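Visitor: fold the following, please.
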Amino acid sequence: MHEPGTTRRPPRRRDAPVVPPGAGVSYVMPVLNERNYLEAAVRTVLTQQLDGPAEAILALGPSTDGTTELARTLAAADPRITLVDNPEADIPRGLNLAIAASRYPTIVRVDAHSELAPDYTRRALRTLERTRAANVGGVMRADGRTPFQRAVARAYNSPIGLGGGAYHGGTREGEAESAYLGVMRRAVLDEVGLFDESIRRGEDWELNLRIRAAGYTVWFDPTLAVTYWPRESWARLARQFRATGSWRGELVRRYGRRNSLRFFAPPALVVTIALSLVVATLQATRVLSGWLALAASIAYLPLAAYAALVTVVAVGPGGGRGLRDKLWTLAVLPTMHIAWGAGFLLGLARGAHDTIDTSRIGDRNTPLP
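Guide: Model (predicted):
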């Protein structure tokens, strides 16, 4: 075991196993309340340009919007679709159930809220073969159907929104910390132990951490593109980011400095807001006055810089075209940052425990006008 204060020896570089051409691909997809998106997601999977067989394994959570019935209809019409039950609706549990039911040596993780480019898998297989990586991922290209959803998509695609991870707009191919969704060699997944079912968000980052610790490579290929449809309402967006932040706090508790520094920016913002409120209260009640009050005002500077940055992004091309787009962008960015940062601090302080993402729970994702 690695002892504190000692030097961690990097793992010996290992190549992922070679898979014969045309050996087949298994797509694994956790599904919950996705009636408006599922059919398109499955269609983009089953129409991939491939040499060899393919299958789609859908892990069905207890949906309430007719998703399960739609999935059964799709499966009845195409023998390449297999359904497995995921009664707890946990993403890592659903992924593991789907992988266990799969038949082929390459696993492609897909999201029911996403759509693959037609040549996505073929390109990924070539990259896996060329690099001998264990996992390959590409760029998440968020898109929207309503003004609010488009604002969220712009935030996803902006380095200001989600902190500049490679899969949010990177252009340089190379080794990566993690991969969006991922095209993975099944043998490596079996070796490192599949997804950790005790982690409900950030499970992909943790899996890739174990893949890299075992000596394998995680690779980013910017020619791979996946269209992702974000949450459609403000409340659901906030719940999603609060849960995601909470689990990142849990991952920091577990893995410490192996987490990127960019994950600490949103909680720093929340701390800055809290400090500014304390200072404002002390100044208003004249507990702080005179030169002390003036000196304490320095606490507002980081918050003012953040507000200026968000305003510049919203007013500029990254904020959309019309006034409505720019106002939504001005609202969405702080919502994402503050919800994520508050969740992070809670997760760091007490652990994530049974925190779940409730943004998909309910009859439908209600779009705002």
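Visitor: contacts, neighbours, all on C-alpha from now
Guide: OK.
Visitor: buried stuff in the helix or strand where Ala265 lies?
Guide: Using DSSP states H and E, Ala265 sits within helix 265-284. Judged by neighbour count using 16 or more other Cα atoms under 10 Å, the buried positions of helix 265-284 are Pro266, Pro267, Ala268, Leu269, Val270, Thr272, Ile273, Ser276, Val279, Ala280, Gln283.
Visitor: how about stretch 61-71?
Guide: Buried residues in stretch 61-71 (16+ other Cα under 10 Å): Gly61, Pro62, Ser63, Thr64, Asp65, Gly66, Thr67, Thr68, Leu70, Ala71.
Visitor: mind listing which of those residues are in helices?
Guide: Judged by DSSP state H, helices contain the following of those: Thr67, Thr68, Leu70, Ala71.
Visitor: surely Thr73 is in a strand?
Guide: No. Going by DSSP: H, G, I helix; E, B strand; the rest coil, the assignment for Thr73 is helix, not a strand.
Visitor: adjacent strands (with direction) for the helix or strand harbouring Phe220?
Guide: Using DSSP H and E, Phe220 maps to strand 218-228. For strand 218-228, the pairing partners within the sheet under DSSP bridges are strand 114-116 (antiparallel), strand 135-142 (parallel), strand 174-175 (antiparallel).
Visitor: list the contacts of Asn86.
Guide: Residues near Asn86 by Cα atoms under 8 Å, 6 or more residues apart in numbering: Ala59, Leu60, Gly61, Pro62, Arg93, Gly94, Leu97.
Visitor: what about the last one, distance to Phe148?
Guide: Okay, so that is Leu97. Going from Leu97 to Phe148 by Cα to Cα, to the nearest Å gives 34 Å.
Visitor: circling back: can I get the helix holding Ala265 in CSV, CA atoms only?
Guide: What follows is helix 265-284, C-alpha atoms only, in CSV (Å, rounded to 0.1, in the frame of the first residue of the first chain):
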residue,chain,number,x,y,z
ALA,A,265,-13.3,26.4,-8.6
PRO,A,266,-17.1,26.2,-7.9
PRO,A,267,-16.7,25.5,-4.2
ALA,A,268,-14.3,28.4,-4.0
LEU,A,269,-17.0,30.6,-5.6
VAL,A,270,-19.5,29.4,-2.9
VAL,A,271,-17.1,30.2,-0.1
THR,A,272,-16.4,33.6,-1.7
ILE,A,273,-20.2,34.3,-1.8
ALA,A,274,-20.6,33.2,1.8
LEU,A,275,-17.7,35.4,3.0
SER,A,276,-19.1,38.4,1.1
LEU,A,277,-22.4,38.0,2.8
VAL,A,278,-20.8,37.8,6.2
VAL,A,279,-18.7,40.9,5.5
ALA,A,280,-21.8,42.7,4.2
THR,A,281,-23.8,41.8,7.3
LEU,A,282,-21.0,43.0,9.6
GLN,A,283,-20.7,46.3,7.7
ALA,A,284,-24.5,46.8,7.7
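Visitor: by contact count, what packs against it?
Guide: Contacts defined by 3 or more Cα pairs under 8 Å, 6 or more residues apart in numbering; DSSP states H and E place helix 265-284 against helix 300-315, helix 323-350.
Visitor: on contacts alone, who are the packing partners of the first one?
Guide: Contacting helix 300-315 under the criterion 3+ Cα pairs under 8 Å, 6+ apart are the following elements: helix 265-284, helix 323-350.
Visitor: quick check: the gap between the residue of the chain positioned farthest from its centre and Arg186.
Guide: Most distant from the centre of the chain: Gly290, at 47.4 Å, with distances by Cα atoms, centre = their mean. Plainly put, Gly290 is 66 Å away from Arg186 if you go by Cα to Cα.
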